[in-house]
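# Fold the following and give me the result.
(chains A and B)
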Amino acid sequence: MKGRPELYTSYAQDMAFLNTRPKRAWTGGLVVFALLVPFLITDDLLQLLATAFVAAIGAIGLNIVTGYAGQVSLGHAFFLAIGAYTGAALSGSETGRVIGFGITSLPIWLLASGLVAAFFGVLVAPVAVRLRGLYLAIVTLGLVFLGEHVFREWTSLTGGPGVGRPAAVPELFGVRLDRDNAVFTAAQQLYLVMFVLLVIFAVLARNLVRSRVGRAFAAVRDRDLAASVIGVDLTRYKVLAFAVSSFYAGVAGALLFVVNGFFDPGSFNLLLSVQYIAMVLIGGAGTISGAVMGALFITLLPRITRELPAVLPFISGDATGAFTVFQLEAVLYGVLIIVFLIVEPRGLFGIWVRVRNYWRTWPFSY
Amino acid sequence: MDEFLQSLIRGLGNGSIYSLLALGFVIIYKSTQVISFAQPAFMLAGAVLVSYLAPAVSFFGAVLVAAVVIAVLALGVERTVLRPMVGKPVFVVAIITIGVDVVVRVVTNAFIGLDVRQVGDPWGLDTISFLGAEVQQRYLVMIATTAVVTAALFLFFRYSRIGLAMRAVAYDQEVALAQGISVGSVFALSWALAGGLAALAGVFVATGAGVDQQLWIVALKALPAIILGGLESLGGAVVGGLAVGVVESLFGTYQGDFAPWLGPNFGLVAPYALMLLVLLVRPYGLFGKREVERL
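Sure, this is the predicted structure:
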């Protein structure tokens, strides 16, 4: 069917991974662009982007359980923490203060972090099967508080509040990624590795949600009773959704602090959970590309607001003025959530769809 | 025994604060089916307002004014931010209230600054002998005030015209509309009530130690309280709040002796553990309504 891109003659064609020609072109272009970026911009921006890519993996995970399967989870920070500590403990070296096993190979500790987090996800899931809606949201929130307590007290694992421990050691095929070498700087290496990981996990997630499992998730989300009547096993798919989501959270958590190199147990609080919820909602619930856009947006937001004092002189750049950039950042954060949900509930993805539809029929776009 | 009585009174005192907050959550939930995560911000704003007003119009005058002002503020938020979202998925609305919370709190924090502000309450940390144990006066005041407020609320919902209208809306919005009840004003009123209760709770939290930027975290203790009691039950909110306060306080006093492996300060998170346990047995809380679902 050459020359007729919108004509589908089979179901498989309609459900294809990139089902239209513009999608293929855009995706290819974006990937090439992202691979060129590390040679164009400075290292500190690269580090920020690398963190944003990791956040995107986490946001995709939350999107699977909340956006696709409709199980509201405010407990994402808890699973991120489990991943972070599994990764750090496995790859770190034993010191007198914190435990460590010295397995520095990135694929091994990454997989282990994901699996341990997924295990805890499966443990939590039975509660989720019994609860619905906002009850579940608050129970998962309770999980964050309980987790915070455990990580605060278990100092041989976490280093204790205010002190922390080194993050996981990224080593791939014997190359330390967090150190400069002959070819690349540390930031360039981390950027590229995080980008490749994001692509891998995004493709996996996309494949999951366009399969039978993804359709079952959507059925559970839209009306769980109806789903169970037509033969979707609610318990099984809710547990599966939590397991997959926690796996992604674990992976993201393990990588999240690699760029900074250090983290403390205070990082995994309610605010972190809310940030991930904001990524999913601002990006667009129930879309993979939306989660990536949302994660980039939320992670880059502080950087953007920090540039504002140069443009708007009444905002003070340090913490002493009447209206500081930090206050602005926090307010902007709240306002953005409100505005997005009221004006464009489909988030950045929705805006993209509208832009796309406008140009598709341009100049006859009415 | 004295130690037990002291920690019981402290638990009931703090628990009555949680009850006030939980009542606000439940009132909003019953009328709009939304959990308002903006309550912590309103609570903080109430306490801060009192700390500014108290020198001018005395502590009790300030509490009254603050409760009214925060009620109006909450009403305004409902009218501008929440009203466009009527009929949207409850989770989305709940997240919007988180946005509201962030904005209100940042603005309020600017008025707190870095130091601790005093609300100028007449009790401070003074103690009084109660059944042979030295307990802080402020806890007794909290318990008494909450008892009065709760009784007033129950009378309000039982006998007053508006209270009955609110219950009708909670029961069935469409039928209430058909009876000539303005559902919109019930939404607004429930937010106002919740805002006033939050302000009152905020003042009580601030007695003794004063107001700082971390005060809002206390309001999150009301969440296990409403889940324990069941989201639809006002009585459950009061019982849940008191239970959370007592559990927290008793754990704080005795857990170090009985279960030191849980780590110090486990009392602060014990309510969440209790919530998980109760939900495993009763998924709709102690007094919650079991939903009947139809296709």
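
# From the structure, what's the count of residues near residue A:238?
Residue A:238 has 23 neighbouring residues, counting by other Cβ atoms under 10 Å in any protein chain shown. From N, CA and C alone the C-beta is placed, and that goes for glycine too.

# Kindly apply the preceding question to residue A:264 instead.
Residue A:264 has 17 nearby residues by other Cβ under 10 Å.

# Now do the contacts for the closest residue to it other than its chain neighbours.
Nearest residue to residue A:264 in three dimensions, chain neighbours excluded: residue A:164, at 3.1 Å (Cβ to Cβ, 6 or more residues apart in numbering or on different chains). By Cβ atoms under 8 Å, 6 or more residues apart in numbering or on different chains, the residues touching residue A:164 are A:158, A:262-265.

# For residue A:164, what are phi and psi?
Dihedral angles of residue A:164 (phi, psi; degrees, to the nearest 10) stand at phi 80, psi -170.

# Rounded mean pLDDT for stretch A:201-217, please.
The pLDDT scores in stretch A:201-217 average 91.

# hmm, who's touching stretch B:57-70?
By Cβ under 8 Å, 6+ apart, the residues outside stretch B:57-70 that reach it are B:42, B:45-47, B:49-50, B:53-54, B:56, B:119-122, B:195-196, B:198-200, B:203.

# Quick check: residues of the stretch 51-200 of chain B near chain A?
B:81, B:84-85, B:88, B:90-92, B:94-96, B:98-103, B:106-107, B:109-110 (Cβ under 8 Å from any Cβ of the partner chain).

# swap the cut-off to 10 Å and go again
Contact residues, the stretch 51-200 of chain B versus chain A (Cβ under 10 Å from any Cβ of the partner chain): B:80-82, B:84-85, B:88-107, B:109-110, B:114.

# picking up where we left off before, could you tell me which of the contacts of stretch B:57-70 belong to helices?
B:42, B:45-47, B:49-50, B:53-54, B:56, B:195-196, B:198-200, B:203 (DSSP state H).

# and the residues you listed, which are buried?
Buried members of the ones in helices among the contacts of stretch B:57-70, scored by 16 or more other Cβ atoms under 10 Å in any protein chain shown, are B:42, B:45-47, B:49-50, B:53-54, B:195-196, B:198-200, B:203.

# Residue A:128 is in contact with residue A:136, correct?
Yes: the pair residue A:136 / residue A:128 is scored as a contact, 5.5 Å apart, by Cβ atoms under 10 Å.

# residues shared between the contacts of these two?
Shared contacts of residue A:136 and residue A:128 (Cβ atoms under 10 Å, 6 or more residues apart in numbering or on different chains): A:71-73, A:75, A:238.

# sorry, back to before: is there a quick PyMOL command that grabs whichever of the contacts of residue A:164 are buried?
In PyMOL syntax, the buried subset of the contacts of residue A:164 is picked out as below (16+ other Cβ under 10 Å):
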select buried, chain A and resi 158+263+264+265
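
# can you pull out the strands in the stretch 201-350 of chain A?
Ranges of strands in the stretch 201-350 of chain A, per DSSP state E, counting those that start in this stretch, are A:262-263.

# ranges for the helices of it?
For the stretch 201-350 of chain A, the helices defined by DSSP state H, counting those that start in this stretch cover A:212-222, A:224-229, A:234-256, A:270-283, A:288-311, A:325-343, A:347-360.

# Quick one: closest of the ones you listed to residue B:131.
Distance to residue B:131, taken as Cβ to Cβ, is lowest for helix A:270-283 among the helices of the stretch 201-350 of chain A, at 38.6 Å.

# For the closest one, list every residue counted as buried.
Per 16+ other Cβ under 10 Å, helix A:270-283 contains these buried residues: A:270, A:272-283.

# Show me the shaky parts of the chain.
No chain was given, so I picked chain A. Filtered on pLDDT under 70, chain A yields the residue ranges A:1-3, A:5, A:312-323, A:365-366.

# nope, chain B
If you take pLDDT under 70 as the line, chain B has these spans: B:1.

# Just the buried positions in the lengthiest helix in it, please.
Taking DSSP H as the criterion, chain B has its longest helix at helix B:2-32. For helix B:2-32, burial by neighbour count (16+ other Cβ under 10 Å) applies to B:6-32.

# what's the spacing between the closest residue to residue A:351 other than its chain neighbours and residue B:103?
What sits nearest to residue A:351 in space, not counting adjacent residues and going by Cβ to Cβ, 6+ apart, is residue A:344, at 5.9 Å. Using Cβ to Cβ, to the nearest Å, residue A:344 is found at 19 Å from residue B:103.

# Comparing these two, which shows the higher neighbour count?
residue B:103 (22 against 16).

# The more buried one against residue A:330, yeah?
Yes: under the criterion of Cβ under 10 Å, residue B:103 makes contact with residue A:330 at 8.1 Å.

# rewinding a little: near chain A, from the buried residues of helix B:2-32?
Contacts with chain A within the buried residues of helix B:2-32, counted by Cβ under 10 Å from any Cβ: B:25, B:29.

# hmm, stretch A:64-71 in reach of chain B?
Yes: counting by Cβ under 10 Å from any Cβ, chain B is contacted by stretch A:64-71 at A:66, A:70.

# which of the residues of the stretch 51-200 of chain B next to chain A count as buried?
For those, a burial check counting by 16+ other Cβ under 10 Å picks out B:81-82, B:85, B:90-91, B:93-107, B:109.

# Could you list which of the residues you listed belong to helices?
Counting by DSSP H, those contribute B:90-91, B:93-107, B:109 to helices.

# Was I right to think residue B:112 contacts residue B:118?
No: assessed by Cβ under 10 Å, residue B:112 is found out of contact with residue B:118, at 11.7 Å.

# which residues in the stretch 51-200 of chain B form strands?
Counting by DSSP E, counting those that start in this stretch, the strands of the stretch 51-200 of chain B are B:127-130, B:133-136.

# In the sheet, which strands lie alongside the first one, parallel or antiparallel?
The one in question is strand B:127-130. Within its sheet, and counting by DSSP bridges, strand B:127-130 is paired with strand B:133-136 (antiparallel).

# Can you name the residues in contact with the strand it pairs with?
For strand B:133-136, the external contacting residues (Cβ under 10 Å, 6+ apart) are B:1-10, B:12-13, B:123-130, B:142, B:207-208.

# and it, how far from the chain's centre?
Strand B:133-136 sits 25 Å away from the centroid of its parent chain (Cα atoms, centre = their mean, to the nearest Å).

# Next, the buried residues of that strand.
Result for strand B:133-136 [16+ other Cβ under 10 Å]: buried residues B:133, B:135-136.

# And stretch A:339-351, by the same measure?
A:340-342, A:344, A:346-351.

# go on, stretch B:62-70?
B:62-67, B:69-70.

# what does stretch A:349-360 give?
A:349-352.

# Around chain B, pick out the residues from the stretch 151-300 of chain A.
The stretch 151-300 of chain A comes close to chain B at residues A:152-155, A:223-226, A:229, A:269-271, A:274, A:277-278, A:280-281, A:285, as judged by Cβ under 10 Å from any Cβ.

# Sweet, I'm off.
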